[in-house]
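>>> model this:
(one chain, ligands or ions: 1)
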Amino acid sequence: MHPATAPGGLPLLGHLPAMLARPLAFLDTLPAHGDLVRVRVGPRDLYLVGAPELIRRVLTDRADFDRTGPLYAKIRTFLGNGLASCPHADHQRLRRIVQPAFRHALLPRYAEAMTAETAALTARWQAGRTVDVTREAFTLTTAVAVRTLFSAGLTAEAAERLRHALDVLLRGLYLRVVLPAADLLPTPARREYRRALRAWHAGVAAIIADYRARGVDHGDVLSLLLAARDEDGCPLAERELADQVATLVLAGAETTSSALAWSLRLVAEHPEVERKLHAELDAGPAGEPARWQHLAQLPYTAQVVSEALRLYPPAWAVSRTTTRPLVLGGARLPAGALVVCCLYLLQRRPELFPDPTRFDPDRFAPGAVHRDAYLPFGLGATRCPGDRFGTVEATLALATVAGRWRLRPAAEGPVRPRPRLVLSPGPQPMTPTDRISGPAG
Ligand code: HEM
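As a prediction, the model looks like this:
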């Protein structure tokens, strides 16, 4: 059987204009056409899947579905052969080397950086002075990523240069993935993208060279990676090391900032949730920046983050390429077909989450189980190793911000999600007002 095709595609461009202009509104139309829908993006076909059993197969059947093909080739121009973009053949070895950086025992140390950076961020805010919450969240998580990855040898200017390059690259990558021709035209945007790519590679190489020259264990992720050895006792090659660093910043920073930005927005729009959240925060950290030790007192805050991750999964589309002709969901797919597991569609299926568009953190009350229906961190061997890192960071940051400030949207109207590789809410001007009588009020 041929797969159903999404309606409304234009000649030549297919569904590209819709994917760029209003990606979520477009996705919302797809479930009506089945569990596997063909979407045309310029000359290419994508096969979008949102059903739990199909997603489980694509993410766990590593022989039939790999991280190869033109999409991953494009991502590798930035990330190289990093853990998140390498083909399955290289995956096990890299995963074994990188995984120890996420040991549970290291989290309290990473949490110190999260607490310090969030406290610094919220201390800069002023009552009544509007901030772009999405940008602030991104500044926070990139600062935390940079500080936990390479705590030493980075000046504030160098960190800012890296952060800026990352921002440009993240914006440019989505466009290049859906529109490969973006790289062919000599536009100012292409020049900016290429400049950012060079700045990123040079910045990371300089940090690694500095660590090697000093030869000291700084107790951070880069020190761990420098000391790591594979099964044969070999360290990571220079290029591989840089690729893992780029991957960890990319995979960790915008996903977590997006989770935080959506959480803050959803709380501001739901007074009942805000009231419960404030009650928990007033009984727990009570206006202090939230720390690792507070986490046990913050179950509802964590539920808010989980529910934001359900409605707006930052990794909204996890892709694989078929390694042979096969049948998926009753439809025949050729070898080399790009299959996109759409976690956004999965987590909004009404039979899995009744009244799916409603924001309700109580869905994640203690004891709730959403196996295979709730996969914001993916599934199988490539499941996110930074899941605890990301949720701890978003929970502590939400607790610190909401404990101190009440945020209100400064502009009327709905959020306009930005089409990027990560599902980001786009600019969100919000105005903080004081919840506690602090010195900076
Ligand atoms: C809320 C935050 C986060 C979300 C929603 C998220 C989501 C995901 C998902 C869905 C995958 C699976 C991709 C695939 O199967 O191809 C993944 C993989 C990955 N994530 Fe995360 N992530 C988050 C935070 C982080 C953080 C904080 C880090 C690192 C500091 C990180 C590092 C990685 C890496 C390295 C991979 C690749 C794993 C592999 O292929 O073995 N993530 N993430």
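>>> which stretches of the stretch 101-250 of the chain form helices?
For the stretch 101-250 of the chain, the helices defined by DSSP state H, counting those that start in this stretch occupy 107-124, 133-149, 156-178, 188-214, 221-227, 238-269.
>>> swap in the stretch 301-441 of the chain?
343-346, 387-404.
>>> helices or strands up against the shortest one?
Using 3 or more CB pairs under 8 Å, 6 or more residues apart in numbering; DSSP states H and E as the contact test, the elements touching helix 343-346 are helix 23-29, helix 52-60, strand 317-322. Yep, even glycine has a C-beta here, placed from its N, CA and C like the rest.
>>> run the last query once more with 7 Å
Applying 3 or more CB pairs under 7 Å, 6 or more residues apart in numbering; DSSP states H and E, one finds that helix 343-346 contacts no other helix or strand.
>>> what's the first-to-last distance across stretch 97-111?
22 Å (CA to CA, to the nearest Å).
>>> stretch 177-185 now?
15 Å.
>>> likewise stretch 145-165?
End-to-end distance for stretch 145-165, by CA to CA: 14 Å.
>>> need the contact partners of that stretch.
110, 113, 117, 142, 196, 199-200, 203, 207, 210-211, 218, 220-222, 245, 248-249, 252-253 (CB atoms under 7 Å, 6 or more residues apart in numbering).
>>> got the residues of the chain near the ligand?
59, 83-84, 95, 247-248, 251-252, 255-256, 259, 314-315, 318, 376-378, 382, 384-386, 389-390 (CB under 6 Å from any ligand atom).
>>> of those residues, buried ones?
59, 83-84, 247-248, 251-252, 255-256, 259, 314-315, 318, 376-378, 382, 384-386, 389-390 (16 or more other CB atoms under 10 Å).
>>> ramachandran coordinates for the nearest residue to residue 255 once chain neighbours are set aside?
In this structure, residue 255 finds its nearest non-sequential neighbour in residue 314, 4.0 Å apart by CB to CB, 6 or more residues apart in numbering. Note on residue 314: backbone dihedrals following degrees, to the nearest 10 are phi -60, psi -40.
>>> give the contact list for the closest residue to the ligand within the stretch 101-250 of the chain.
For the stretch 101-250 of the chain, the residue closest to the ligand is residue 248, as judged by CB to the nearest ligand atom, at 4.9 Å. For residue 248, the contacting residues are 149, 221, by CB under 7 Å, 6+ apart.
>>> would you agree residue 55 is in contact with residue 49?
Yes. Between residue 55 and residue 49 a contact is recorded at 5.9 Å, counting by CB atoms under 7 Å.
>>> what is in contact with the two at once?
The overlap between the contact sets of residue 55 and residue 49 (CB under 7 Å, 6+ apart) consists of residue 341.
>>> least trustworthy helix or strand in this structure by mean pLDDT?
helix 16-21 (a mean of 74; mean pLDDT, DSSP states H and E).
>>> I'd like to know how many residues surround the residue lying closest to residue 409 once chain neighbours are set aside.
Residue nearest to residue 409 in three dimensions, not counting chain neighbours: residue 430, with 5.6 Å by CB to CB, 6+ apart. Residue 430 is flanked by 21 other residues according to other CB atoms under 10 Å.
>>> residue 156 too?
Count around residue 156 with other CB under 10 Å applied: 8.
>>> still on that earlier bit, mind checking the helices of the stretch 101-250 of the chain for the one nearest to residue 399?
helix 107-124 (8.8 Å; CB to CB).
>>> which residues are in contact with that closest one?
136, 140, 143-144, 147-148, 289-292, 388-389, 392-393, 396-397, 400-401, 404-405, 440.
>>> which of those count as buried?
Using 16+ other CB under 10 Å as the threshold, 136, 140, 143-144, 147-148, 289-292, 388-389, 392-393, 396-397, 400-401, 404-405 are the buried ones among the contacts of helix 107-124.
>>> residue contacts, residue 400?
118, 119, 122, 289, 290.
>>> for the residue in the stretch 251-400 of the chain that the ligand sits nearest to, which non-adjacent residue is spatially closest?
Nearest residue of the stretch 251-400 of the chain to the ligand, counting by CB to the nearest ligand atom: residue 386, 2.3 Å away. Leaving aside its sequence neighbours, residue 386 sits nearest to residue 252 (CB to CB, 6+ apart; 5.2 Å).
>>> and what of residue 290?
residue 399 (3.7 Å).
>>> tell me, how many residues neighbour that neighbour?
Counted with other CB under 10 Å, residue 399 comes out at 30.
>>> ok, back up a step: how much space separates the residue nearest to residue 409 from residue 135?
Look at residue 430 and residue 135: by CB to CB, to the nearest Å, they are 11 Å apart.
>>> about what we covered before: can I get the helices of the stretch 301-441 of the chain in JSON lines including distance to residue 173 and mean pLDDT?
Listed next are the helices of the stretch 301-441 of the chain as JSON lines, based on distance: least, CB to CB, whole Å; pLDDT from 0 to 100:
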{"stretch": "helix 343-346", "distance to residue 173": "18", "mean pLDDT": "95"}
{"stretch": "helix 387-404", "distance to residue 173": "19", "mean pLDDT": "97"}
